[in-house]
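Trainee: everything below, folded, please.
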Amino acid sequence: MTETVARNSRKVRTGVVVSISGNKTIVVQTTERKRHPKYGKMMTSTKKLHAHDEECTAGVGDTVRVMECRPLSKMKRWRLVEIIERAK
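Mentor: Sure, this is the predicted structure:
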């Protein structure tokens, strides 16, 4: 097969590293502001994503970008793409 098969578009999220749990694993907290369907008030919802960090470069407080990938373990379905901003 000489033709290349394009990957499906992967979900990309930006968040803050809140924990380093184990070797090569980070926990990224993402926040999303959305309108309440009935009352219209703006709500902030947060999610925690377990991501794979191959080089162990991210630290707590860093702003990072993660991308969806195949299941790597029981909890990890995301991988680290880049570190946007280091913690101060």
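Trainee: nearest the geometric middle of the chain, what residue?
Mentor: Val66 (3.7 Å; Cα atoms, centre = their mean).
Trainee: helix, strand or coil for that one?
Mentor: strand (DSSP: H, G, I helix; E, B strand; the rest coil).
Trainee: how many residues are close by Lys34?
Mentor: When neighbours are defined as other Cβ atoms under 10 Å, Lys34 has 9 of them. Glycine gets a C-beta too; all of them are placed from N, C-alpha and C.
Trainee: would you map the helices across this protein?
Mentor: Assigned helices in the chain: none (criterion: DSSP state H).
Trainee: so which residues of it form strands?
Mentor: Counting by DSSP state E, residue ranges of the strands within the chain are 12-20, 25-35, 42-52, 63-68, 78-85.
Trainee: nearest to Ala6, out of these?
Mentor: strand 63-68 (15.6 Å; Cβ to Cβ).
Trainee: partner strands of that closest one, parallel or antiparallel?
Mentor: Paired with strand 63-68 in the same sheet, following DSSP bridges, are strand 12-20 (antiparallel), strand 78-85 (antiparallel).
Trainee: show me what counts as buried in the first one.
Mentor: Applying a neighbour-count criterion of 16 or more other Cβ atoms under 10 Å, the buried positions in strand 12-20 are Arg13, Gly15, Val16, Val17.
Trainee: now the residues you listed in TSV, with distance to Leu49 and pLDDT?
Mentor: Output for these, formatted as TSV (distance: Cβ to Cβ, whole Å; pLDDT from 0 to 100):
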residue	distance to Leu49	pLDDT
Arg13	7	96
Gly15	7	97
Val16	11	98
Val17	10	97
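Trainee: hang on, the earlier thing: now the strands paired with strand 63-68 in TSV, with distance to Ile26?
Mentor: Formatted as TSV, the strands paired with strand 63-68 follow (distance: least, Cβ to Cβ, whole Å):
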stretch	distance to Ile26
strand 12-20	5
strand 78-85	7
